[in-house]
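Enquirer: starting from these lines, generate the structure:
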Amino acid sequence: MMIILILSSIEAFPQVKTGHFNFEGGDPSSPLWTLYIMEATLNGVDLESGDEIAVFDGELIVGAFTLDQVCTPDNAFDNDLTAFSELLSGPGYTAGNPVLFRCWDESEQVEATLFEFGYFDPYGTGWTEPFFPPDDGVYCMIYVNFYLGGTIGGTVKSALSNEVIEGAVVRIEGTSYLTVTSSNGKYSIADVMPITYDITANSSRFYPQTKFEQQVISEETIIVDFNLEPIILTQTYNLETGYQFVSSQILLENPDMKYVVSEILTDDLLFIRNSEGMMLRKIGPNWVNGIGDWIETEGYLVKYNGTGQFSISGEIINPTTHIDLKAGFQFVSYLPVYEMDAMDAFASIISEDLLFIRNSEGEMLQKIGSNWVNGIGNSVPGQAYLIKMNSDDVLIYPVSFPCGQPFADFRDGQVYNTVQIGEQCWMVENLNIGTMINSGFDPTNNGEIEKYCYDDDPANCDEYGGLYQWDEMMDYSTIQSSPGICPIGWWIPSIEDMATLSDFLGGEDIAGGELKETGTVHWDPPNYGATNSSGFSALPGGHIISSEYIHLGTGCRLWSSSETDNLYASYGYLYYYSSYFYYIGYLEKTHGYSVRCIRE
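Expert: Reported below is the predicted structural model:
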């Protein structure tokens with residue numbers, strides 16, 4: 001009988017069942033948390049009798065009640081909401097998990113999930129943390145303000161061509177709100193707290209754009225459109241005696257073949273030929289252009305006598321642009337701006353209809369017996385490929401970067417390894433691009449990337465990467481997460497990116513050890529806590545401050561793209577005698593530090 005009475009008392013616990021949330025009730029013998037509500041509003045208007053408030057642990061409702069009056073500081077102890085660690089049907093809240101609230105407006109028949117809340121602790125004994133308490137009998141006095149969210153939507157286009165941009169990332173700065181544009185360039189972010197935000201759109205082929213102080217209005221949609229300036233790419237081709245397949249990833253303003261290759265219209269050029277056998281060649285004293293225009297999705301066969309070079313510049317083509325293939329032979333362009341295993345690059349056409357893919361060296365991807373054999377290795381930007389098909393097909397290069405694989409920066413051929421850490425993709429080496437300038441000189445906004453090498457020794461750049469002043473690294477932009485001087489598709493990490501990295505690795509106390517290269521080949525002893533479990537392989541490249549090089553072997557400072565004002569910017573710091581990863585701080589932009597690039 002005693003057991004029956006106890007069970008009966010549990011089921012009869014006087015927790016008011018709410019009409020909308022229909023909370024099942026909880027076990028009063030388990031740890032409880034009582035919340036006394038001093039104020040509760042929806043869009044600035046007081047909740048009133050008949051409205052409901054519920055408390056959640058994730059998606060699990062752990063307490064709810066129906067108001068019978070407007071909540072005020074004077075009647076707070078009459079407005080008590082109990083949260084249960086044990087429900088009638090099983091576990092309730094878990095100590096340490098974040099506290100979430102929802103409300104129901106009975107008169108408007110609407111539920112609100114956006115909120116902000118705060119504590120009032122006049123007696124110094126109440127709970128004041130934003131997560132569920134670990135102890136029993138804990139209380140707090142709170143105010144909670146709910147909001148019906150607004151929606152942000154719009155279109156992202158190229159400022160140059162006015163074409164819509166698919167796959168652009170749109171994020172609300174300082175929040176977790178993030179989305180990607182669809183095939184028509186449109187995006188939408190719903191249930192956004194109705195306050196003012198800075199909103200940024202970013203795409204790998206464009207410079208990011210931020211729209212500042214955009215006011216979100218409850219239950220309304222605001223339109224925020226973006227027109228992104230394209231990154232202008234210069235691609236250089238080095239020709240040697242013999243045959244060579246060439247292609248580009250550039251949308252040319254003037255595609256006339258004679259204009260595009262005007263730098264090599266000499267007697268050393270024997271001909272350029274397309275898939276149809278049409279040629280640009282010299283007949284007598286005349287250059288005859290039988291090809292017409294250079295087409296971005298097509299490749300070309302060049303026969304050259306000697307060595308030569310030509311360059312082209314323009315906006316980068318969408319690497320997933322569809323390339324129509326016909327039965328027979330065809331030269332095709334390689335559109336991605338990074339190297340990729342040929343099996344991955346051409347995966348969309350690897351079938352019984354594909355006979356082979358061949359590069360300039362005669363190496364082939366082909367099926368031998370029942371096996372596909374990749375004799376090409378990696379597909380390389382700037383090179384075209386000869387494809388032989390049995391029937392028509394469509395080639396679509398993969399959109400995602402294969403993180404964990406090395407890639408070559410086509411600007412200078414520098415090869416970087418990559419590593420996936422959580423949801424982030426990082427370079428494994430410090431960035432090393434540009435022309436070395438000596439200490440005592442400052443870089444200038446002259447269109448040329450300028451770097452310092454420790455002790456003015458180029459060998460140190462080869463070993464540790466370059467050292468860059470902040471403005472030079474950012475390519476004289478101040479927009480957070482700009483590509484700066486990183487390769488196409490990469491950008492300078494923000495301080496939030498560094499915080500995400502640190503959190504994934506267990507927090508700033510130990511993250512430094514997991515980021516540092518092990519041993520004392522580069523780091524001075526003791527290189528405390530270094531495990532490099534992340535694969536990040538941070539190197540102590542030192543830095544340059546006021547023309548003085550210091551801390552080679554002992555310190556690694558990595559710039560972020562987050563500035564604090566016109567003079568200072570944030571950075572990450574690793575040190576030889578600590579496993580700590582310092583990233584809360586700022587230093588003068590004129591200092592020269594290392595750079596790591598990131599992509600998602």
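
Enquirer: quick one: Phe21 and Leu60 touch, right?
Expert: No. Under the criterion of CB atoms under 8 Å, Phe21 makes no contact with Leu60, lying 11.8 Å away. In short, each C-beta sits where N, CA and C put it, glycine included.

Enquirer: quick one, which of these two is more surrounded?
Expert: Comparing Phe21 with Leu60 by other CB atoms under 10 Å, the one with more neighbours is Phe21, at 21 against 15.

Enquirer: what residues are up against that one?
Expert: Counting by CB atoms under 8 Å, 6 or more residues apart in numbering, Phe21 touches 52, 54, 61, 64, 102, 104.

Enquirer: assess the claim that Phe117 and Tyr143 are in contact.
Expert: Yes. Phe117 is in contact with Tyr143 according to CB under 8 Å; the separation is 6.5 Å.

Enquirer: for Ile152, which non-adjacent residue is spatially closest?
Expert: Computed as CB to CB, 6 or more residues apart in numbering, the closest residue to Ile152 that is not its neighbour in sequence is Ile189, at 4.7 Å.

Enquirer: what about the one you found, distance to Glu423?
Expert: 19 Å (CB to CB, to the nearest Å).

Enquirer: these two: who's more crowded?
Expert: Neighbour count, other CB under 10 Å: between Ile189 and Glu423, Ile189 has more, with 23 against 8.

Enquirer: that one contacts Gly154, correct?
Expert: No. Using CB under 8 Å, Ile189 makes no contact with Gly154, being 9.7 Å away.

Enquirer: now the common contact residues for those two.
Expert: With contacts defined as CB under 8 Å, 6+ apart, the residues shared by Ile189 and Gly154 are Val170.

Enquirer: turn the contacts of Phe21 into JSON lines, including secondary structure, pLDDT and distance to Gly124.
Expert: Supplementary listing: the contacts of Phe21 in JSON lines, determined by DSSP: H, G, I helix; E, B strand; the rest coil; pLDDT from 0 to 100; distance: CB to CB, whole Å:
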{"residue": "Glu52", "secondary structure": "strand", "pLDDT": "97", "distance to Gly124": "31"}
{"residue": "Ala54", "secondary structure": "strand", "pLDDT": "97", "distance to Gly124": "28"}
{"residue": "Ile61", "secondary structure": "strand", "pLDDT": "97", "distance to Gly124": "31"}
{"residue": "Ala64", "secondary structure": "strand", "pLDDT": "96", "distance to Gly124": "29"}
{"residue": "Arg102", "secondary structure": "strand", "pLDDT": "96", "distance to Gly124": "30"}
{"residue": "Trp104", "secondary structure": "strand", "pLDDT": "96", "distance to Gly124": "33"}
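
Enquirer: for those residues, which entry has the maximal number of neighbours?
Expert: Neighbour counts for the contacts of Phe21 peak at Ala64, which has 26 neighbours (criterion: other CB under 10 Å).

Enquirer: what bridges to that one?
Expert: Counting by DSSP bridges, Ala64 is bridged to Ala54.

Enquirer: and which of the contacts of Phe21 is nearest Asn445?
Expert: Among the contacts of Phe21, Arg102 lies closest to Asn445 (CB to CB), at 51.4 Å.

Enquirer: quick check: that closest one vs Leu148, distance?
Expert: Distance from Arg102 to Leu148, by CB to CB: 12 Å.

Enquirer: mutual contacts of those two, please.
Expert: Joint contacts of Arg102 and Leu148 (CB under 8 Å, 6+ apart) are Ala112.

Enquirer: is the spatially closest residue to Thr113 that is not a sequence neighbour in a bridge, and if so with what?
Expert: Computed as CB to CB, 6+ apart, the closest residue to Thr113 that is not its neighbour in sequence is Arg102, at 5.2 Å. Going by DSSP bridges, Arg102 is paired in beta bridges with Ala54.

Enquirer: thinking Arg102 is in contact with Phe117, fair?
Expert: No. Between Arg102 and Phe117 there is no contact under CB under 8 Å: 11.8 Å.

Enquirer: show the pLDDT at Ser9.
Expert: pLDDT recorded at Ser9 is 30.

Enquirer: and for Lys17?
Expert: For Lys17, pLDDT reads 47.

Enquirer: just the one 10 residues further on next, same as before
Expert: pLDDT for Asp27: 95.

Enquirer: residue contacts, Asp80?
Expert: For Asp80, the contacting residues are 34-37, 65, by CB under 8 Å, 6+ apart.

Enquirer: let me have those residues in a markdown table, adding pLDDT and distance to Pro255 as columns.
Expert: Listed next are the contacts of Asp80 as a markdown table, based on pLDDT from 0 to 100; distance: CB to CB, whole Å:
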| residue | pLDDT | distance to Pro255 |
| --- | --- | --- |
| Thr34 | 97 | 73 |
| Leu35 | 97 | 68 |
| Tyr36 | 97 | 72 |
| Ile37 | 97 | 68 |
| Phe65 | 93 | 70 |
